[in-house]
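Trainee: The amino acid sequence is not available; the structure is as follows:
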């Protein structure tokens, strides 16, 4: 039976970012569903303060719909979609970046719904909680202050993380491009940046949400490394692969590599679509 790809976005993103990839998958004959996690897509908060001319004070204080959304909410939402997709045959769960945390949590809870789990430069915490990896040597090259250049409001007061992606601050835009799409044109970068939503939830899970051998570990898994990623460096991607393999030595990652930055695979999706098509042949 033809598998369904279920695509899970990363932080500040939404299902819209997968449109070019879905088009390419469709032209190759594959079925896919792009997920909007709670508080994302058309559930996101866009205030008039975010429009030009921007109202900085209003943007810093306006409430956001994603406040209070937890990793458990994200996982439950994804599980509901996986249940529906599974009725049609095998399911290949594909996550990117922070979306890997949600995919891992869902796979811990309902491994029966996933025939293969695929991480595209995505978080799959094993030995540490996500936030703790940032203090590790593999993340030493990451500019953790880049989002702070356009931070709007106090996360503790808002109950969410808000970033002004419509900023005109040249230092912030330079930092964003270096982090996300250094190998893209300025036009591609600004186009993608304008698909980002300003708000993201604060919960990235605890030790109980790390990959579990007895559940997550039963699922065939693939890690697609992004060779030029500076947001989730190759050294950290390789560490996550090693930790996952150590957790389930009898079910190691099938590892693939694509050239490009954190977002290049979504801007130029043909190579990724071909790799996913190869995985579909394994799951069908």
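Mentor: Now that the structure is in, tell me what you want to look at. Note that the coordinates shown come from a computational prediction; the quantities given were computed from them, not determined experimentally. Numbers count the residues shown, from 1 in each chain.

Trainee: ok, the closest residue to residue 182 other than its chain neighbours - contacts?
Mentor: Excluding its sequence neighbours, the residue lying closest to residue 182 (C-beta to C-beta, 6 or more residues apart in numbering) is residue 261, at 5.3 Å. Where C-beta positions appear, they are placed from N, C-alpha and C, glycine not excepted. Residue 261 is in contact with 180, 181, 182, 183, 184, 226, 228, 229, 230, 231, counting by C-beta atoms under 8 Å, 6 or more residues apart in numbering.

Trainee: Now do stretch 206-226: distance to the chain's middle.
Mentor: For stretch 206-226, the gap between its own C-alpha mean and the chain's C-alpha mean amounts to 15 Å (C-alpha atoms, centre = their mean, to the nearest Å).

Trainee: same deal with stretch 32-46?
Mentor: With C-alpha atoms, centre = their mean as the basis, the mean position of stretch 32-46 lies at 12 Å from the chain mean.

Trainee: same deal with stretch 34-50?
Mentor: Using C-alpha atoms, centre = their mean, we find the averaged C-alpha position of stretch 34-50 to lie 15 Å away from the chain's own average C-alpha position.

Trainee: List the ones among the contacts of residue 261 that fall in helices.
Mentor: Among those, DSSP state H puts residue 180 in helices.

Trainee: which one of the contacts of residue 261 sits closest to residue 11?
Mentor: Nearest to residue 11 among the contacts of residue 261 is residue 231, at 9.7 Å by C-beta to C-beta.

Trainee: which residues touch the closest residue to that closest one other than its chain neighbours?
Mentor: Leaving aside its sequence neighbours, residue 231 sits nearest to residue 262 (C-beta to C-beta, 6+ apart; 4.3 Å). If a contact means C-beta under 8 Å, 6+ apart, then residue 262 has 97, 121, 179, 180, 181, 226, 229, 230, 231, 232 as its contacts.

Trainee: what ranges do the strands span in this structure?
Mentor: With DSSP state E, the ranges of strands along the chain come out as 4-8, 31-35, 91-97, 116-122, 161-162, 199-200, 221-226, 254-258.

Trainee: Is it possible to get CSV of those strands that adds mean pLDDT and distance to residue 242?
Mentor: Formatted as CSV, the entries for the strands of the chain read as follows, by pLDDT from 0 to 100; distance: least, C-beta to C-beta, whole Å:
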stretch, mean pLDDT, distance to residue 242
strand 4-8, 98, 23
strand 31-35, 98, 28
strand 91-97, 98, 19
strand 116-122, 98, 13
strand 161-162, 97, 29
strand 199-200, 98, 28
strand 221-226, 98, 10
strand 254-258, 98, 11
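
Trainee: Rebuild these as JSON lines, extending it with distance to residue 70 and mean neighbour count.
Mentor: Formatted as JSON lines, those follow (distance: least, C-beta to C-beta, whole Å; neighbours: other C-beta atoms under 10 Å):
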{"stretch": "strand 4-8", "distance to residue 70": "16", "mean neighbour count": "26"}
{"stretch": "strand 31-35", "distance to residue 70": "16", "mean neighbour count": "20"}
{"stretch": "strand 91-97", "distance to residue 70": "17", "mean neighbour count": "27"}
{"stretch": "strand 116-122", "distance to residue 70": "19", "mean neighbour count": "27"}
{"stretch": "strand 161-162", "distance to residue 70": "14", "mean neighbour count": "23"}
{"stretch": "strand 199-200", "distance to residue 70": "13", "mean neighbour count": "26"}
{"stretch": "strand 221-226", "distance to residue 70": "25", "mean neighbour count": "23"}
{"stretch": "strand 254-258", "distance to residue 70": "31", "mean neighbour count": "15"}
